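Asker: Okay, structure incoming, though there's no sequence with it:
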């Protein structure tokens, strides 16, 4: 019993050291010893050292129990090997997880660092070098604005149809009011209408130039109200042929918001028939400016004969004048309805003067400056004239 008591004490000491329940069943005879496998959870190095020292504690043995004690030593060695193997496996797993975590963290950091800029970023300049967009070679369509599509959607048709029907209604009502004011004189009323329509067309070209200059050079996709228009105009420079792939409603519907029914209704409510007629024509032509713009990017063979005729007589912007706008740094030829204002605006230096004033007020540089350091320096010196090298663009 002395040997059996010593073995039980050893087993209890081993169990308390490992903080795990373990038991040994011993035969009353010295011929058979069985042990149950023990699962070790702790992987601390100090626990392994304690286990090693405990497993080597001297145990009093009698000659009659030598086989029992030998079996216990063998079982302890086996237990220690299992602990060491389990610990090494766990350490390798932790090391692997650490390596994987470091790899994914580095990959995420690299991905964030190299992330391309989009039309929503301040660094978005015409979709060219440094903007995160590639300019495709040849006549390749390229979508710049997220969520945009070349496919005409039903809501786009609805917006355009409602806008033009509304404007046609404003035309009819105001023409009749003007006719009534003229005492039913159709000739006088018609003459006034033609003059007002011509003024609306001419000043709409001027307005298209100012609008085009502003959205090409300032703001981005996050700009309130005008963000989508700014992104479309600036992104147009990365793939100018894309516009030729758009249907009529897909191409003009964005302009139905600033020049649509709501602002026209306000004007109509505040002014008389003659002024309202002017603004109806002005708004309709501004909406159509994107279609005139599209025609200037199409070849003669792609356009109907009547479109080519409109360009030839100067009612819509021609191909060659607008092509001059698409020469870097895109600092002129902004008018896209007829282009009659391009030469006086560019040679007067009015856009350079406005860029200089804006810079003096808030320190914001135009996108054209960012693409042409010489243009920037000349403008800051107060030289707003067109350089000789660019004179051919305005002949």
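Answerer: Noted; the coordinates are in hand. On a predicted model such as this, the values are computed, not experimentally measured, just so you know.
Asker: what about residue 323, neighbour count?
Answerer: 14 (other CB atoms under 10 Å). (Each C-beta comes from the backbone N, C-alpha and C, glycine too.)
Asker: what about the closest residue to it other than its chain neighbours, neighbour count?
Answerer: Nearest residue to residue 323, sequence neighbours excluded (CB to CB, 6 or more residues apart in numbering): residue 296, at 7.8 Å. The number of residues packed near residue 296 is 23, by other CB under 10 Å.
Asker: Could I get the contacting residues of residue 296?
Answerer: 311, 316, 317, 318, 319, 321, 322, 323, 336 (CB atoms under 8 Å, 6 or more residues apart in numbering).
Asker: Please tell me the pLDDT value assigned to it.
Answerer: pLDDT for residue 296: 96.
Asker: do the same with residue 293
Answerer: For residue 293, pLDDT reads 96.
Asker: List the contacts of it.
Answerer: Residue 293 is in contact with 243, 317, 322, 336, counting by CB under 8 Å, 6+ apart.
Asker: Take those residues and keep only those in helices.
Answerer: residue 322 (DSSP state H).
Asker: Of the contacts of residue 293, which pair is most distant in space?
Answerer: By the measure CB to CB, 243 and 317 form the most distant pair in the contacts of residue 293, at 12.9 Å.
Asker: The two - which one has more neighbours?
Answerer: residue 317 (26 against 21).
Asker: Once you drop chain neighbours, what's closest to the more buried one?
Answerer: residue 339 (4.2 Å).
Asker: Over to that neighbour. Which of the three states is it?
Answerer: At residue 339 the chain is in coil, as set by DSSP: H, G, I helix; E, B strand; the rest coil.
Asker: what about it, neighbour count?
Answerer: Neighbour number of residue 339 under other CB under 10 Å is 25.
Asker: That one against residue 318, yeah?
Answerer: Yes: taking contacts as CB atoms under 8 Å, residue 339 lies within contact range of residue 318: 6.6 Å.
Asker: Run through who's touching the helix or strand containing residue 354.
Answerer: Element membership for residue 354 (DSSP states H and E) is helix 350-362. Taking contacts as CB under 8 Å, 6+ apart, the residues outside helix 350-362 that touch it are 213, 217-218, 331-332, 334, 345, 364-366, 368-369, 375, 378-380, 382, 384.
Asker: Weed out the non-buried ones from those.
Answerer: Buried by 16 or more other CB atoms under 10 Å: 213, 217-218, 331-332, 334, 345, 366, 368-369, 375, 378-379, 384, out of the contacts of helix 350-362.
Asker: how about those residues in CSV, adding pLDDT and secondary structure?
Answerer: Shown next, in CSV, are those (pLDDT from 0 to 100; DSSP: H, G, I helix; E, B strand; the rest coil):
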residue, pLDDT, secondary structure
213, 96, helix
217, 92, helix
218, 91, coil
331, 92, coil
332, 93, coil
334, 95, coil
345, 95, helix
366, 93, coil
368, 91, helix
369, 92, helix
375, 93, helix
378, 95, helix
379, 96, helix
384, 93, coil
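Asker: For my notes, please list those residues in TSV and give distance to residue 357 for each entry.
Answerer: Listed next are the buried ones among the contacts of helix 350-362 as TSV, based on distance: CB to CB, whole Å:
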residue	distance to residue 357
213	13
217	13
218	13
331	16
332	18
334	17
345	16
366	11
368	15
369	13
375	16
378	15
379	10
384	11
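Asker: What is the most widely separated pair among those residues?
Answerer: Greatest spacing in these, by CB to CB: 218 and 378 (19.4 Å).
Asker: which stretches of the protein have low pLDDT?
Answerer: 1-142, 144, 388-395 (pLDDT under 70).
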